[in-house]
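Enquirer: attaching a predicted model along with its sequence, questions to come.
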Amino acid sequence: MGNVASIRHRFATIDIPTPQTPKPSKREDHLTSHSEPNILAPSPPTLPARHPPPRPPSSALFAREDSLELPSSSNSLHHSPFSDDESEVSEISEVSLPPAIPPRKPRGSFGGTNGVHGGHHERKYSDVSSSGESLSSFSPPSRPKPPPRPSLQVPPRPPPRHNGVSRHAGHESSTHSTPTPPLAPPLPSRRVTADEGMPEIHAMAPPLPARQTINVPSTSNFVEPTSPGGERKPVGNSRLPPPPTRQIGLGDKLPPVRRPHTPSSDEESGEEEDPRSRAAESLPDSSRSSRRAPVVSCFNYSEFKIHVPAYSGQVAVAGSSIVVATPHHIKHYDLSTDDSPAWTSDTKEMGMRDSKVTSLEFRPASEERDRGQFLWVGTKEGHLFEIDVRTECLTAQKLNAHSHHVTHIFRYGRVMITVDDIGKVMVFDPLVGASDDVSLVYTQPRVYRIAEKPEFVRMLGGLLWTSVRTDVSGTGTSSVPVIRIYDIFAPGSIGRSVMPTQHVGAVTSGTLLPSHPDHVYLGHEGGFITVWTIATADGTPVCVEVMKVSASDVLSLEGVNDRLWAGGRKGMISAYDVTSRPWVVTNCWAAHGGLPVLKIFVDPFAIEKAERLCVVSIGRDEQLRFWDGLLGNEWIAQELLKREASFSTFRNINVLVVSWNIDAAKPDALSNDHENINFLQNVLTSVDSPDIISFGFQEVIDLESRKMAAKTVLLGGKKKGEDGKISEKVTSSYKRWHDRLILAVKLAMPPDSPYTVIHTESLVGLFTCMFVKNTERISLKDVAITTIKRGMGGRYGNKGGIVARFVIDDSSICFINCHLAAGQHHVRQRNADVAAFLEENSVFPSSDAIEEPLAYVGGGDGSMVLDHEIVFLNGDLNYRIDQRRDPVVTAIQSGELETLLIHDQLLKEMKHNRGFRLRSFVEGPLTFAPTYKYDRRSNEFDTSEKRRVPAWCDRVLWRSQDPDRVVQLNYQRYEANVSDHRPISAGFTMTVKSVKHDARAREKAQVEAQWMGLQVELIANARDFYVKQALI
């Protein structure tokens, strides 16, 4: 028998132009009926270039008794295991068979050096018999049998043999897009035993790969092993791309957890949660803040005429002495004598070589008369000059002190510190024990190096705090600014780098708080304030808290007395009480006309010169303003509020508030049932002779009607009538209820007590109608009503509120009828809606009172909701019960309503959410069953597919500056069933005041005298703090 090498060479060199169909053999039927299943039957090859004739679907095992045709496939046709020539033809005819092999049992593995282990590659196919009976049935061929050609793919498992009769299954070929020479070929097609005498095959064959690790290209079809039934199914040839895989970067924020779908969630609200709702909820509570501006009049003239150019202007303040510098001009004001500039000079005329001024600061002086008189000036060219503002003279200079422009000048004790743009710090420190003041001429500066281009630089607690905008750690939402702290008074010391504990924006400002001297507060872009403790063992500050205080940037920050003052982009200055958690806004006032507050700082010289704690703010409106750092006006107002009973008279009036989500029901639907027919009569008589009646309805029109929504949003300017409503169809819905309510009030109330409609307003389903007794009508003033949209980000009124107000005597009353965001889990969206109602600016026109408007509270002028003394809020608030439906229904049916109160979302928010805006509101006890959601004309809770959880969606709350001035008479529900909600009402006795102005003036004089004594004590404490901080 020839060796394997010669056979391989023969296969590699034979070139057959076209595959030929095997000739039929006379013994074909005989051989087929007595042979093993035909594993060598070739499948139809595909040669696109030559277009060969098709092969028969199956063929006999042998063409002749002495000839054999080897199988071919598309894979073997293009990629020969013996050659790289792709034009080879993998079919050979007329080859001899090897000698007959005696029958014996097959061996599970090959031996030799091929390294194939039987435990991993044991042949289990039934297509090649292991018995010698089938092999011995053939006559010995005249030629030796060539070795089987290995393939890149494991051959499929043919069907099992049944009683010696072979069943042929279709053989599917596999194609590979690219050759993979490094892959070891699988086992040969026929079973080989050790007795066949082929040792060279064992020596030359490469090891077999593990079957489970074969990588089949995506373009190939591999054939699954045949099932016992004989079927062969192609798998793994899907043309579809693989499913997408979510890739999350190292510093990226994880996506929110998907909340599982529950039948109780309200799918009616398709709006996504506004990301701003979460931020609004975490902001400090401002519901009790005062809008009264802390103006101060400590000088003979006001500062309103002082003009400071934005960004290019530099300011230095020392009591009544104010210096304003532009690049080439310097102006000096003395507000003790005039509000016009005392002098104006050009830098070139003053001998400053036409330099451009970039920084100012008053230097310290040992003599009291010299304090606040000598001004250091830093320029763009790096020069330093000293000016005596009393004489307008240049007293000293140090040219080229810096090689770049001087960005900051600080005063610290007797030391002056200058900083330039490339990080060079010059410390002018007089000799220890020397009595002379620091001088540009005689004091030798010490040089210190910090990071280049520092955007934030300030001396805090004896350390130089700096931050560079481009110096950040991390990327994306995990980035934090790197803050570098230098001890410039310790020679040889190096800077220390610290970072906040969470993502915040770039550092914009920093300060110390006198009431918390061991903490440093840094303001950041994005509305954050970080708190750092400096009382650590190694002296390295540590970030202990990050507080979100604003939706926009914190541009300026200053610690004043016991309040932290922050200026933002909208021209507002807010004072925070940092002792409570979360922080509370105690004061918030408009300082710079809606434009950014660029800088806030305390003037320590005013403590000695004017005996005032004066705070200076500079805005983008190019105005400089002075404020009372002790908030004396606010203290006086609070004391007067405590004494209000001594200069006011009071009387009681009755108020009835009705709220109902009518689900687009018409007034005519209140029929066919005793509760429906008598509903309006019952609700109007629930309070004895009410002086004010407020009806607040929701969903007067069908909010699910897309046609109505589109008409409201897109055609809002068309088809408007005299009353300004959207269309006749919409108007008619409100008008029907308006007429029905007027008729009901006439029928329910005594004829001698007529009522007048003072307010009527609608907003895409919301409808408010307010009645007042004619006897009280003459007492009303400042009557106003408006709407606030909250749907679709404030563009659509399907969710929102109608806000009405009036002043009766000297008390202001506000009514809110609202419909908040729906959905079982949309608590944050509802909280954001509430915050929008209460914190919206300019809801109403401001009061035109010449003197202080006594009807409004908190220093307000009536333009905001919380400016009013008493506020009532009613509507479909949509707060749900966080429980499964079945336990809730069971508790309602058994009368155990108390067990549901702890799961009510509104009560939980009021108790646990310290930033919830309704925490200052009060609600009566819930003694009635939940009012949502019922089947129409039924007493059954929602039996639809959604099966919503019953809830107290309809509520009435109130807030009063003096809690004793509002007393609730009743809080109940009614059984009118024409809607999926039940109506509710609340009755109140409200106390209104009338102020005696003369008596109030006398009380105010006494309170102001008391404040003067307290102010002296507070000023002394403030002076001690600034002395310790080396600012005085």
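Expert: Everything's here; your move.
Enquirer: what is the neighbour count of G593?
Expert: By other CB atoms under 10 Å, the residues close to G593 number 11. Every residue, glycine included, has its C-beta placed from N, CA and C.
Enquirer: repeat for S994
Expert: 14.
Enquirer: same thing with V865?
Expert: With other CB under 10 Å as criterion, V865 counts 23.
Enquirer: could you find the closest non-adjacent residue to it?
Expert: Using CB to CB, 6 or more residues apart in numbering and skipping the chain neighbours, the partner closest in space to V865 is L838 (5.2 Å).
Enquirer: next SSE after the host helix or strand of that neighbour?
Expert: Using DSSP states H and E, L838 sits in helix 827-839. Using DSSP H and E, the next helix or strand after helix 827-839 towards the C-terminus is strand 870-876.
Enquirer: given that following strand, what are its sheet partners and their directions?
Expert: According to DSSP bridges, strand 870-876 forms sheet pairs with strand 811-819 (parallel), strand 954-960 (antiparallel).
Enquirer: where does pLDDT dip in this protein?
Expert: Across the chain, the ranges flagged by pLDDT under 70 are 1-247, 251, 253-281, 704-730, 791-798, 849-851.
Enquirer: try it again at 80.
Expert: Along the chain, segments meeting pLDDT under 80 span 1-282, 432-435, 703-731, 790-799, 847-852, 1032.
Enquirer: which other helices and strands does the longest helix seen in the chain contact?
Expert: For the chain, the helix with the greatest residue count under DSSP state H is helix 997-1028. With contacts taken as 3 or more CB pairs under 8 Å, 6 or more residues apart in numbering; DSSP states H and E, helix 997-1028 sits against helix 605-609, helix 632-642.
Enquirer: same thing but 10 Å
Expert: strand 597-603, helix 605-609, helix 632-642 (3 or more CB pairs under 10 Å, 6 or more residues apart in numbering; DSSP states H and E).
Enquirer: if we can go back for a sec, touching, the residue nearest to V865 and L957? I think so.
Expert: No: look at L838 against L957 with CB atoms under 10 Å: they stay out of range, at 11.6 Å.
Enquirer: about what we covered before: deepest-packed of the helices and strands packed on helix 997-1028, please.
Expert: Sort the helices and strands packed on helix 997-1028 by mean neighbour count, taking mean count of other CB atoms under 10 Å, and strand 597-603 sits at the top with a mean of 23.
Enquirer: now K908: phi and psi?
Expert: The phi/psi pair for K908 (degrees, to the nearest 10) reads phi -70, psi -40.
Enquirer: repeat for the one 3 residues further on
Expert: Phi and psi for K911, reported as degrees, to the nearest 10, are phi -90, psi -40.
Enquirer: that one and P430, how far apart?
Expert: Relative to P430, K911 is positioned 60 Å away (CB to CB, to the nearest Å).
Enquirer: more neighbours: which of the two?
Expert: A direct count of neighbours by other CB under 10 Å for K911 and P430 places P430 higher, at 20 against 12.
Enquirer: so when I look at the more buried one, I'm seeing a helix, right?
Expert: No: remark: P430 does not belong to a helix; assigned using DSSP: H, G, I helix; E, B strand; the rest coil, it is coil.
Enquirer: my guess is it contacts S439, does it?
Expert: Yes: with contact defined as CB under 10 Å, P430 reaches S439; the gap is 7.9 Å.
Enquirer: mind listing the shared neighbours of those two?
Expert: Counting by CB atoms under 10 Å, 6 or more residues apart in numbering, the common neighbours of P430 and S439 are M416.
Enquirer: next, R390: secondary structure please.
Expert: Secondary structure for R390, judged by three-state DSSP, is coil.
Enquirer: quick one: residues contacting it.
Expert: R390 neighbours (CB under 10 Å, 6+ apart): 321, 332, 334, 342-343, 369-370, 373-374.
Enquirer: hmm, try it at 8 Å
Expert: Each residue near R390 by CB atoms under 8 Å, 6 or more residues apart in numbering is listed here: Q373.
Enquirer: what do you get for S493?
Expert: 486-487.
Enquirer: with V616 as the reference, measure out to it.
Expert: Separation of S493 from V616 (CB to CB) stands at 33 Å.
Enquirer: need the helices and strands packed on helix 997-1028 in JSON lines (columns: distance to T731).
Expert: Below are those laid out as JSON lines (distance: least, CB to CB, whole Å):
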{"stretch": "strand 597-603", "distance to T731": "46"}
{"stretch": "helix 605-609", "distance to T731": "61"}
{"stretch": "helix 632-642", "distance to T731": "44"}
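Enquirer: the residue nearest to V865: how many residues sit nearby?
Expert: For L838, the number of neighbouring residues by other CB under 10 Å comes to 21.
Enquirer: wait, it touches L873, no?
Expert: No: counting by CB atoms under 8 Å, L838 sits too far from L873 to count as a contact (9.0 Å).
Enquirer: common neighbours of the two, please.
Expert: Listed contacts common to L838 and L873 are nil; contacts here mean CB under 8 Å, 6+ apart.
Enquirer: assumed H408 was part of a strand.
Expert: Yes: applying three-state DSSP, one finds H408 inside a strand.
Enquirer: so it touches V419, yeah?
Expert: Yes: the criterion here is CB under 8 Å, and H408 meets it with V419 at 4.3 Å.
Enquirer: neighbour count winner among the two?
Expert: Set H408 next to V419 and count neighbours by other CB under 10 Å: V419 wins out with 24 against 21.
Enquirer: so who does that one touch?
Expert: V419 neighbours (CB under 8 Å, 6+ apart): 406-410, 425, 450, 454, 457.
Enquirer: in terms of helices and strands, where is it?
Expert: Per DSSP H and E, V419 falls inside strand 415-420.
Enquirer: so what strands line up beside that strand?
Expert: strand 406-412 (antiparallel), strand 424-428 (antiparallel).
Enquirer: can you redo those strands as CSV with distance to E1003?
Expert: CSV is the format used below for the strands paired with strand 415-420 (distance: least, CB to CB, whole Å):
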stretch, distance to E1003
strand 406-412, 43
strand 424-428, 54
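Enquirer: F767 is nearest to which of those?
Expert: Minimum separation from F767 across these (CB to CB) falls at strand 406-412, 59.9 Å.
Enquirer: using CSV, list the CA coordinates for that closest one.
Expert: Provided in CSV are the C-alpha atoms of strand 406-412 (Å, rounded to 0.1, in the frame of the first residue of the first chain):
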residue,chain,number,x,y,z
VAL,A,406,-2.1,91.7,37.9
THR,A,407,-5.4,90.0,38.5
HIS,A,408,-5.9,90.2,42.2
ILE,A,409,-4.7,92.2,45.2
PHE,A,410,-5.5,91.1,48.8
ARG,A,411,-5.2,92.8,52.2
TYR,A,412,-4.4,90.4,55.0
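Enquirer: list of residues touching it?
Expert: Applying CB under 8 Å, 6+ apart, the contact partners of strand 406-412 are 358-364, 376, 378-380, 382, 384, 416-421, 454, 457-459, 462, 1030-1031.
Enquirer: buried residues in stretch 403-421, which are they?
Expert: 405-421 (16 or more other CB atoms under 10 Å).
Enquirer: and stretch 895-910, by the same measure?
Expert: The neighbour-count check on stretch 895-910 (16+ other CB under 10 Å) flags 897, 900, 903-910 as buried.
Enquirer: what does stretch 993-1008 give?
Expert: Of the residues in stretch 993-1008, those buried (16+ other CB under 10 Å) are 993, 995, 1000, 1003-1004, 1007.
Enquirer: show residues contacting it.
Expert: By CB under 8 Å, 6+ apart, the residues outside stretch 993-1008 that reach it are 636, 639-640, 643-644, 646-651, 809-811, 854.
Enquirer: pick out the most distant pair among the residues you listed.
Expert: Of all pairs drawn from these, the one with the longest distance (CB to CB) is I636 and R651, at 27.0 Å.
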